[in-house]
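Engineer: Return atomic coordinates for the entry below.
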Amino acid sequence: MIDVRRPVDRALLVGAPDRDLPKRLAEEHLAELARLTDTAGCSVVGSTAQRIAERHPRYYIGEGKAQEVAALAKETGADLVIFDEELSPAQGKGLEELLGVRVMDRSELILDIFATRARSKEAKMQVELAQLEYLLPRLKRMWTHLSRERGGIGLRGPGETQIETDRRLIGKRISELKRKLEDVTTARAVQRHGRSERFRASLVGYTNAGKSSLLRSLSGADLFVEDRLFATLDSATRTVELGAGHEALVTDTVGFIRKLPHDLVASFRSTLEEAREADVLLHVIDASHSDWEEHFEVVNDVLAELGLAEKDTILVFNKVDRLTHAEEQALRERIEKVGSAPAVFVSALDQGSLGALRDVLRSRVLARLTHVIVHLSAADGEVLAALYREGEVVSRRDEDAQISVTAWVPKPLLGHLAGRAGVRLEDVS
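Structural biologist: Numbers count the residues shown, from 1 in each chain. Model (predicted):
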């Protein structure tokens with residue numbers, strides 16, 4: 001039988017960090033590019049880097065270094081060169097003419113990964129929109145590849161099916177996708193309104209910080225989890241029991257990453273609206289990662305871009321099971337000194353460690369409640385059931401045909417009770 005599978009691309013990676021970037025971070029950035037390349041299903045055959053003070057208009061890196069990359073690509077048999085920076089259309093064209101192989105940048109690589117990871121109809125539309133907006137200014141160079149290639153990373157998604165499409169048709173498709181995503185945004189707003197009375201939390205964080213694993217452990221739900229970058233793009237909302245009769249709706253959101261393409265952030269705004277409407281953000285951080293502080297800043301930058309910088313946030317340091325006792329203690333002491341936001345230390349693999357997170361969330365729920373005594377008729381079973389279902393009953397006293405219930409009551413229920421005949425409220429100071 002003939003093997004018709006597409007051969008794996010052989011990629012040479014090129015880093016071009018700023019001169020003032022510490023050596024350790026420059027190496028980690030290139031290592032992250034290698035993980036992204038692996039996630040895209042491509043084989044890394046080599047890597048090189050050049051620190052730059054300013055970008056070359058034609059090659060991004062210096063002309064001499066570009067010649068060196070050309071020789072290295074030939075030596076390693078690379079058929080693809082991936083840059084860790086975003087290249088302008090002119091730089092991409094200039095590099096391809098010099099190197100004689102296909103050139104991709106980091107943004108195009110991330111877009112390709114998203115194209116293969118999208119599962120829901122909404123996620124696929126969001127990724128296609130981002131890909132088309134990235135493709136439009138690079139159309140001439142991309143079409144050269146599409147005319148002679150049958151796939152490969154960076155060429156999946158809308159590219160394969162729109163080889164003959166011109167700028168006018170792509171523009172029309174972009175408008176159509178934006179309209180459909182606006183409809184999705186409206187539908188999501190209706191869904192959120194329907195559960196506005198419930199306490200909601202959104203998980204945010206750097207990709208592979210363990211958000212999906214954490215939600216699965218908190219909720220007991222069967223969620224897809226994989227130890228790879230961008231394992232899932234589709235948001236998932238699950239009910240999490242917090243103890244003492246309280247619960248929260250917790251939503252997992254798409255992971256962030258350094259130099260996340262702006263078109264992609266814009267396309268996923270409807271999904272990220274869940275974070276905007278949440279009562280609290282759970283910023284999940286991989287405590288075991290040597291560069292967790294840089295990841296922390298990357299996530300904060302994206303949140304600021306989305307207008308969420310001032311949102312109530314809890315820092316959730318995950319994967320503490322990978323730390324020694326001394327390392328964890330040092331981390332705790334360091335965070336206490338910073339004191340920018342409440343922090344908890346957990347492991348998604350250890351149910352016992354999740355109690356601290358549940359306690360913090362429950363305290364947020366209680367902060368939304370009012371402590372009152374509700375006097376009602378013993379025959380009013382509807383109000384009594386609502387108090388037990390939506391509030392936290394502290395005590396109950398039955399006297400003849402009257403019942404007095406001391407409870408913590410959410411504000412929406414409190415408003416409903418205030419206008420109900422036969423019900424009297426007494427504030428507990």
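
Engineer: show me where pLDDT drops low in the stretch 151-300 of the chain?
Structural biologist: 151-166, 189-197, 223-228, 231-234, 267, 269-271 (pLDDT under 70).

Engineer: could you redo the last one with a cut-off of 90?
Structural biologist: Within the stretch 151-300 of the chain, the stretches falling below the threshold (pLDDT under 90) are 151-173, 181-199, 207-208, 212, 220-237, 243-247, 252-256, 259-277, 290.

Engineer: ok, which stretches of it are strands?
Structural biologist: 200-205, 236-243, 246-252, 280-286 (DSSP state E, counting those that start in this stretch).

Engineer: Reformat the ones you listed as TSV; add distance to Gln50.
Structural biologist: C-beta coordinates here come from the backbone N, C-alpha and C atoms, glycine included. Compiled in TSV, those are given as follows (distance: least, Cβ to Cβ, whole Å):
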stretch	distance to Gln50
strand 200-205	31
strand 236-243	41
strand 246-252	38
strand 280-286	29
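
Engineer: so how many other residues sit close to Ser175?
Structural biologist: Other residues lying near Ser175 total 10 when counted by other Cβ atoms under 10 Å.

Engineer: Take the strands of the stretch 151-300 of the chain and lay them out in JSON lines including mean neighbour count and distance to Lys121.
Structural biologist: Putting these into JSON lines (neighbours: other Cβ atoms under 10 Å; distance: least, Cβ to Cβ, whole Å) gives the following:
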{"stretch": "strand 200-205", "mean neighbour count": "25", "distance to Lys121": "22"}
{"stretch": "strand 236-243", "mean neighbour count": "16", "distance to Lys121": "15"}
{"stretch": "strand 246-252", "mean neighbour count": "22", "distance to Lys121": "18"}
{"stretch": "strand 280-286", "mean neighbour count": "24", "distance to Lys121": "26"}
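
Engineer: between those, which one is nearest to Arg35?
Structural biologist: Each of those was scored for nearness to Arg35 using Cβ to Cβ, and the closest is strand 280-286 (13.2 Å).

Engineer: what helices or strands is that closest one leaning on?
Structural biologist: Using 3 or more Cβ pairs under 8 Å, 6 or more residues apart in numbering; DSSP states H and E as the contact definition, the elements that strand 280-286 packs against are strand 200-205, helix 292-305, strand 313-318, helix 355-367.

Engineer: Pick the most buried one from the ones you listed.
Structural biologist: Among those, the stretch with the highest mean neighbour count (mean count of other Cβ atoms under 10 Å) is strand 200-205, at a mean of 25.

Engineer: partners of that strand in the sheet?
Structural biologist: As defined by DSSP bridges, the strand partners of strand 200-205 come to strand 246-252 (parallel), strand 280-286 (parallel).

Engineer: of all the strands of the stretch 151-300 of the chain, which lies closest to Leu264?
Structural biologist: With Cβ to Cβ as the measure, strand 200-205 is the member of the strands of the stretch 151-300 of the chain nearest Leu264 (15.3 Å).

Engineer: Which residues does that closest one contact?
Structural biologist: When contacts are defined by Cβ atoms under 8 Å, 6 or more residues apart in numbering, strand 200-205 is touched by residues 211, 214-215, 240, 248-253, 255-256, 274-275, 277-285, 295, 299, 303, 316, 361, 364.

Engineer: and the top helix by length along the chain, what does it pack onto?
Structural biologist: Of all the segments assigned as helix in the chain under DSSP state H, the longest by residue count is helix 167-194. Contact partners of helix 167-194 among helices and strands, from 3+ Cβ pairs under 8 Å, 6+ apart: helix 121-135, helix 269-277.

Engineer: So which bits of the longest one are buried?
Structural biologist: Along helix 121-135, these residues count as buried under the neighbour rule (16 or more other Cβ atoms under 10 Å): 122-135.

Engineer: Check stretch 14-25 too.
Structural biologist: Val14, Gly15, Ala16, Pro17.

Engineer: ok, how many other residues are close to the residue nearest to the first one when sequence neighbours are not counted?
Structural biologist: I take that to be Val14. With Cβ to Cβ, 6 or more residues apart in numbering as the criterion, Val14 has its nearest non-adjacent residue at 4.9 Å, and that residue is Phe83. Neighbourhood size, Phe83 [other Cβ under 10 Å]: 26.

Engineer: And for Ile110?
Structural biologist: Here the number of neighbours of Ile110 (other Cβ under 10 Å) works out to 24.

Engineer: could you say what helices and strands the helix or strand harbouring it packs with?
Structural biologist: The secondary structure element spanning Ile110 is helix 106-117 (assigned by DSSP states H and E). For helix 106-117, the packing partners by 3+ Cβ pairs under 8 Å, 6+ apart come out as helix 23-39, strand 80-83, helix 121-135, helix 262-267.

Engineer: Save those as JSON lines, and put in distance to Val423 too.
Structural biologist: Output for the helices and strands packed on helix 106-117, formatted as JSON lines (distance: least, Cβ to Cβ, whole Å):
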{"stretch": "helix 23-39", "distance to Val423": "58"}
{"stretch": "strand 80-83", "distance to Val423": "66"}
{"stretch": "helix 121-135", "distance to Val423": "43"}
{"stretch": "helix 262-267", "distance to Val423": "48"}
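
Engineer: what residues are up against Ser107?
Structural biologist: Taking Cβ under 8 Å, 6+ apart, we find Ser107 in contact with Glu86, Tyr134, Lys259, Pro261, Leu264.
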